[in-house]
Structures are given as structure tokens and as C-alpha cells.
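>>> Let's see this in three dimensions:
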Amino acid sequence: MQNDFIMNSMMSKLAADSKFVGIFMMVVGGLVCLTLFGIPFGLPYLFAGIRAKDAGAQIEQFMMTNDNVIKTNAYENYQKHFFILKVLFIVGIVVAILAILIFVFVFAAMISSISRSGVH
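Here you go, the predicted structure:
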């Protein structure tokens with residue numbers, strides 16, 4: 001009996017938090033998409049938010065109906081949500097490493113150019 005209460009409480013919090021995070025991610029993704037450079041990063045973030053919001057709504061439906069198909073759909077949405085985030089994290093790390101390398105090479109070229117020109 002107490003386990004059912006704890007499980008329902010956790011599921012309810014999961015659904016509410018998923019919907020909040022989903023809506024927040026959709027807003028942030030939409031704002032990032034306002035720039036031409038941000039579209040490739042904003043759209044996946046927007047879609048990940050949609051998946052999280054949908055999964056939260058499906059968890060709420062599952063709690064009311066106890067339908068395993070709805071629960072499976074919620075899990076599929078969570079899986080897609082986390083896959084999109086994983087890809088975004090990997091792309092972000094690669095872009096950050098490339099930016100650092102470009103910065104180091106440009107900085108080294110500037111130092112080399114200054115030292116060759118004899119400017120003190």
C-alpha cells in the first residue's frame with residue numbers, strides 16, 4: 001500500500017518535471033532558432049523539449065488509465081529525448097574542442113607574426 005503511494009508520488013513528480021523541462025527546452029530552442037547560426041542547435045533542442053513534454057503527459061495518462069501502451073509510448077519519448085540530448089552534447093564537445101584549437105592556432109600565429117616583425 002505504501003509502495004503504491006510512493007510510486008504514484010514519484011510518477012506524478014516525474015510527469016510534472018518532464019512537462020516543465022520540456023516547455024522550458026522548447027522556449028529556449030525557439031529563442032536559439034531566432035538566429036541563422038542557432039537553427040542547427042535550436043531545432044534539436046526544441047524537438048527534445050517536445051519529447052520530454054509529451055512523455056510527461058503520457059506518464060500522467062498512464063497513472064490514470066494504467067494502460068501499458070501509454071507507458072511504452074512515454075518510455076519511447078524519453079528514449080528519443082535523451083538520444084537527442086546525447087547527440088547535442090557530443091556535437092557541443094566537438095565544436096568546443098575545434099574552437100579551442102582554432103583559438104590556439106590563431107593566437108600562436110599572432111605571437112609568431114609579432115615576434116618576426118620586431119614590434120615590442
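>>> Hmm, Tyr78 is touching Lys53, no?
No: the criterion here is C-beta atoms under 8 Å, and Tyr78 misses it with Lys53 at 11.4 Å. The way it works is simple: take the backbone N, C-alpha and C, and place the C-beta from them, glycine included.
>>> Need the residue closest to the centroid of the protein.
With distances taken as C-alpha atoms, centre = their mean, Leu85 lies nearest the centre of the chain, 4.1 Å away.
>>> For that one, pull up the helix or strand it's in.
helix 68-117 (DSSP states H and E).
>>> nearest spatial neighbour of the residue nearest to the centre of the chain, skipping sequence neighbours?
Using C-beta to C-beta, 6 or more residues apart in numbering and skipping residues adjacent in sequence, the residue nearest Leu85 is Ala48, 5.6 Å away.
>>> show me what contacts the one you found?
Residues near Ala48 by C-beta atoms under 8 Å, 6 or more residues apart in numbering: Met25, Gly29, Lys80, His81, Ile84, Leu85, Leu88.
>>> Could you report the neighbour count for the closest residue to the fourth one other than its chain neighbours?
This points to His81. Among residues not flanking His81 along the chain, Arg51 sits closest, at 3.8 Å (C-beta to C-beta, 6+ apart). Arg51 has 23 neighbours, counted by other C-beta atoms under 10 Å.
>>> Sticking with Arg51, tell me its helix or strand.
Arg51 belongs to helix 39-65, assigned by DSSP H and E.
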